[in-house]
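Novice: Would you be able to build a 3D model of this:
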Amino acid sequence: MKTSNNWFIEHFDSGGTAFGLRIKQQLESHQTPYQHIEMWETDTFAYLMTIDGCTMVTSRDNFLYHEMMSHPVLFTHQRPETVVIIGGGDCGTLREVLRHPEVKHCYQIDIDEMVTRLSEKYFPELCESNQDPRAELLFIDGVKWMQERADESIDVIIVDSTDPVGPAEGLFEHPFFAHCLRTLKPGGIMVQQSESPLLHGDSIIKTMHQNMRDVGFSSTQTLTFPQPSYPSGWWSCTMAGKGVDVSQFRKTASQNKTFATLYYTADIHQSALQLPPFLAAQLKD
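Specialist: Predicted coordinates:
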C-alpha cells in the first residue's frame, strides 16, 4: 500500500510486522490474469516490483536472494548440466545459474510473462542472460510442466516462487514435490525458497521438510541468509537431495569459482548450513 506520506508499506499481518520504502513515484500498474503487478521508484532501493501488494524484488538487495537460490545448490550438485527454474520471472536467478559454465541448458518457467517484461525494462541487469543460447524462457504453468516432464531428466530444480498463495500455492504442496523427485536424475537436487526462519520455522519450513521426506527425498537442508525487503529481513531456502547428502558441497570448486559474486562465497555457504538452535529444534521430527 502507499500512504499519504509517500511510503510503500507492506503489512505482514500474521507476523505483526511491516516493511516500508519511501517512494518517489509509481511507474506502472498491471492487472494480469494471475496477479496485480506494480512498479515503483524508491528513494534508496531504486526500483521496486510488488505483486498483489507484496515486495518481490528491489534493485538494491536482490543479489542476496538470487545468489543464495542458485550457487549453493549448483555447488552441491556434482555436475549440474540441466537446470529448471520454476517462477523467477525477474530472471535474476537465471543470470546466476548461467554463470556456471557446466550448465548446458536452463529452463526458466514463469506463468506470468508480464513479470519478465517489466524486469527487462526496469531490471535489465537481471535479464542480461535471457538471450544466452543455454536459456529457454517459457511462460506456462510450472506445476503442469513438471507433471508432464520425463522421468530422471533434470539435474537441478530451483523453485523461485512467490509466497504460498495464489498461482504459487501448488508449488508448496505434496504432489509437486513428488513430481520433482520423479523428474530428477539420481543425485539430483531441488531447492525452494522457504520464507522467514524467524516467522515460518515451525510452520512452512517444517512442513516443507516433512513433505520432501515423505515423497522420498533422502536428505533435506535449510540455508538462511539476510533479505532486508522480505518479512523479518531474514530469509531461507531449503534443498532436498535424491540419493545425495545436501549438507555437503564442492567447497574447493566454490572457492575457485570463475565468476564474481556480491554475497555468496564458500565460507558464506558453509555458515548458512549451520542452523541456529531454535530453528534446528523446530525442524526436528
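Novice: hey, what's Q192 bridged with?
Specialist: Beta-bridge pairing for Q192 (DSSP bridges): V159, T238.
Novice: likewise I9?
Specialist: Beta-bridge pairing of I9 under DSSP bridges involves G20.
Novice: Surely it touches T17?
Specialist: No. With contact defined as C-beta atoms under 8 Å, I9 does not count as touching T17 (10.8 Å). C-beta here means a position set from N, CA and C on the backbone, and glycine is covered the same way.
Novice: sec struct for the residue lying closest to T265 once chain neighbours are set aside, please.
Specialist: Spatial nearest neighbour of T265, chain neighbours left out: S254 (7.5 Å); criterion: C-beta to C-beta, 6 or more residues apart in numbering. Under the three-state scheme (DSSP: H, G, I helix; E, B strand; the rest coil), S254 adopts helix.
Novice: wait, what's in contact with S254?
Specialist: Applying C-beta atoms under 8 Å, 6 or more residues apart in numbering to S254 gives the contacts 71, 75, 265-266, 269.
Novice: what does D202 give?
Specialist: Residues in contact with D202, defined by C-beta under 8 Å, 6+ apart, are Q282.
Novice: Pretty sure it sits in a helix.
Specialist: Yes. Judged by three-state DSSP, D202 forms part of a helix.
Novice: All the helices of the stretch 151-285 of the chain, residue numbers only.
Specialist: 174-183, 197-200, 206-215, 251-255, 266-272, 277-282 (DSSP state H, counting those that start in this stretch).
Novice: Including mean pLDDT and distance to E120, could these go into CSV?
Specialist: Formatted as CSV, the helices of the stretch 151-285 of the chain follow (pLDDT from 0 to 100; distance: least, C-beta to C-beta, whole Å):
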stretch, mean pLDDT, distance to E120
helix 174-183, 92, 28
helix 197-200, 91, 31
helix 206-215, 93, 31
helix 251-255, 98, 30
helix 266-272, 98, 29
helix 277-282, 92, 37
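Novice: For these, could you give me CSV that also reports distance to L48?
Specialist: Listed next are the helices of the stretch 151-285 of the chain as CSV, based on distance: least, C-beta to C-beta, whole Å:
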stretch, distance to L48
helix 174-183, 29
helix 197-200, 21
helix 206-215, 27
helix 251-255, 31
helix 266-272, 25
helix 277-282, 29
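Novice: Which one, of these, ends up nearest to S229?
Specialist: helix 197-200 (14.6 Å; C-beta to C-beta).
Novice: and the longest helix for this protein?
Specialist: Longest helix in the chain by number of residues (criterion: DSSP state H): helix 62-76.
Novice: Report the mean per-residue pLDDT for that helix.
Specialist: The average pLDDT within helix 62-76 is 98.
Novice: For the residue nearest to the spatial centre of the chain, give me its contacts.
Specialist: The centroid of the chain falls nearest to D160 when counting by C-alpha atoms, centre = their mean (3.1 Å). Neighbouring residues of D160 by C-beta under 8 Å, 6+ apart: 69, 85-88, 93, 193.
Novice: where's it relative to E152, distance?
Specialist: Distance of D160 to E152, given as C-beta to C-beta, to the nearest Å: 22 Å.
Novice: what about the strands in the stretch 51-200 of the chain?
Specialist: Remark: strands assigned in the stretch 51-200 of the chain by DSSP state E, counting those that start in this stretch are 54-58, 82-87, 105-109, 135-138, 154-160, 184-193.
Novice: Throw those into CSV and include mean pLDDT and distance to L223, thanks.
Specialist: Converted to CSV, the strands of the stretch 51-200 of the chain look like this (pLDDT from 0 to 100; distance: least, C-beta to C-beta, whole Å):
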stretch, mean pLDDT, distance to L223
strand 54-58, 96, 20
strand 82-87, 97, 17
strand 105-109, 98, 21
strand 135-138, 98, 25
strand 154-160, 97, 13
strand 184-193, 97, 9
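Novice: Just put those in CSV and tack on distance to L283.
Specialist: Shown next, in CSV, are the strands of the stretch 51-200 of the chain (distance: least, C-beta to C-beta, whole Å):
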stretch, distance to L283
strand 54-58, 25
strand 82-87, 23
strand 105-109, 29
strand 135-138, 33
strand 154-160, 18
strand 184-193, 15
